[in-house]
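> Predicted coordinates and the sequence they were generated for:
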Amino acid sequence: MEIIQWLIDSQFLNKPVWVWVAFIAIVLALLVFDLGVLHKDDKELGVNESLWLSAFYIGIALAYGAWVWWYLGPVDGMNYYTGYFIEKSLSIDNVFVISLIFTYFAIPAKYQYRALLWGIIAVIVMRGIMIAVGAALVQQYSWILFIFGAFLIGTGIKMLLFGEGEQDISKNPVVKFMSKHMRVTKELHGAKFFVRAPDEKTGKMALWATPLFLALVVINIADLIFAVDSVPAIFAITTDTFIVYTANIMAILGLRALYFALAAMVHRFHYLKYALALVLIFIGGKIFWNQFFGKLDPAISLGVTLGLIIGGVVVSLVKTRGQGPAAEAKH
């Protein structure tokens, strides 16, 4: 009950209502423009268009961060940028999983972008709920930050020592459950998530889900799983719900556009995961440092985070120069 009451209190907003409304309006405008104007018709998104669209989203995110810096101050500005870069980098890992999901369900490239964009709407809601609950827990039980810190350090060490396990979509419990308990068509029906068709047993018209809908559900489950890492990571930077949420959403919005470029060259970022592991260890350790030695300068957090991420990208590009996707398997 205490958590529910806290969510109702104005503490959750912690910023003027108009600031929240303005941000949501920006997000909705971007979604409407992207889905309703740029990609009104289903088509395959090329690498060049993906990069240009990604640059647009990154520019929006950076410009928004500049406004945060100007309006809320340099501390909030640096926390926003730190959180944004962490979320952006961690979400790159999601690209490989999304690619596997689309491959498993045999989703053509021209339908993938629409599915990803619709998925954003669910992610915006899910991240909002997770961040609200996380902020409430931190507000009521400050010691939970130590659990976040230990979790991030453990996750980082696991990534360094063991890497990531192989993903088998066919064994995913969500896929098994939906395939068993829902009517699912064997073939796609364009960009439709549901179609009406005769039931195989009764012969009566019934509502069927398509493989595109299953792919959408599994992608959002994957987003939820990745949020288990990313949300504690940004709470380690700041407990300001506005900064946490805006940095999260801005990073996610751009990822969908960047997916098609990254999916084609994901093998070039093999060593980035080690840099991300170090980022998680650093951010987790920062929680304990703040509690025992005083708050770490936000500029240091931003500098270390950017340095590790840029270093991981540079090392990856140098080490994998001239290698094709098949070379990834040799690592």
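Structure's in. What do you need?
> what's the helix or strand containing residue 53 packed up against?
Residue 53 is part of helix 47-72, with elements assigned from DSSP states H and E. Packing partners of helix 47-72 (3 or more CB pairs under 8 Å, 6 or more residues apart in numbering; DSSP states H and E): helix 17-33, helix 74-104, helix 241-265. Bear in mind the C-beta positions are built from the backbone N, C-alpha and C, glycine included.
> can you tell which of those helices is closest to residue 280?
helix 74-104 (8.2 Å; CB to CB).
> quick one: buried residues of the closest one?
75-102, 104 (16 or more other CB atoms under 10 Å).
> next SSE after that helix?
By DSSP H and E, the next helix or strand past helix 74-104 is helix 109-140.
> Could you check the angle that following helix makes with helix 241-265?
Using axes from the mean of the first three to the mean of the last three CA atoms, to 10 degrees, the interaxial angle of helix 109-140 with respect to helix 241-265 works out to 150 degrees.
> Got phi/psi on residue 186?
phi -80, psi -20 (degrees, to the nearest 10).
> what does the one 3 residues further on give?
When read as degrees, to the nearest 10, the backbone of residue 189 gives phi -130, psi 70.
> was I right about it contacting residue 210?
Yes. Shown here, residue 189 and residue 210 form a contact pair, counting by CB atoms under 8 Å, at 5.3 Å.
> Same drill for these two, tell me which one is more crowded.
Comparing residue 189 with residue 210 by other CB atoms under 10 Å, the one with more neighbours is residue 210, at 23 against 14.
> wait, doesn't the more buried one sit right on residue 194?
Yes. With contact defined as CB under 8 Å, residue 210 reaches residue 194; the gap is 6.7 Å.
> Helix or strand, whichever it is, which one in this structure has the lowest mean pLDDT?
helix 2-8 (a mean of 49; mean pLDDT, DSSP states H and E).
> So what touches stretch 69-83?
Stretch 69-83 is touched from outside by 15, 65-66, 68, 234, 237-238, 240, 243-244, 246-248, 298-299, 301-302, 305, with contacts defined as CB atoms under 8 Å, 6 or more residues apart in numbering.
> before we move on, the earlier item: ok, which of the helices and strands packed on helix 47-72 comes nearest residue 180?
The nearest among the helices and strands packed on helix 47-72, by CB to CB, is helix 74-104 at 16.6 Å.
> separation between the nearest residue to residue 86 once chain neighbours are set aside and residue 65?
Leaving out its chain neighbours, the residue that sits closest to residue 86 by CB to CB, 6 or more residues apart in numbering is residue 233, at 5.5 Å. Here the criterion is CB to CB, to the nearest Å. By it, residue 233 lies 17 Å from residue 65.
> who has more neighbours, these two?
residue 233 (27 against 24).
> The more buried one touches residue 153, doesn't it?
No. Applying CB under 8 Å, one finds residue 233 not in contact with residue 153, separated by 11.1 Å.
> Quickly list what's touching both of the two.
Counting by CB under 8 Å, 6+ apart, the residues touching both residue 233 and residue 153 are residue 280.
> hang on, the earlier thing: could the helices and strands packed on helix 47-72 go into a markdown table alongside mean pLDDT?
Listed next are these as a markdown table, based on pLDDT from 0 to 100:
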| stretch | mean pLDDT |
| --- | --- |
| helix 17-33 | 86 |
| helix 74-104 | 81 |
| helix 241-265 | 78 |
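> Residue 57: which of these is closest?
It is, among the helices and strands packed on helix 47-72 and with distance given as CB to CB, helix 241-265, at 3.5 Å.
> Can you name the next helix or strand after the closest one?
Using DSSP H and E, the helix or strand that follows helix 241-265 towards the C-terminus is helix 272-293.
> what bits of the stretch 151-300 of the chain have low per-residue confidence?
163-172, 200-201, 229, 256-257, 261-269 (pLDDT under 70).
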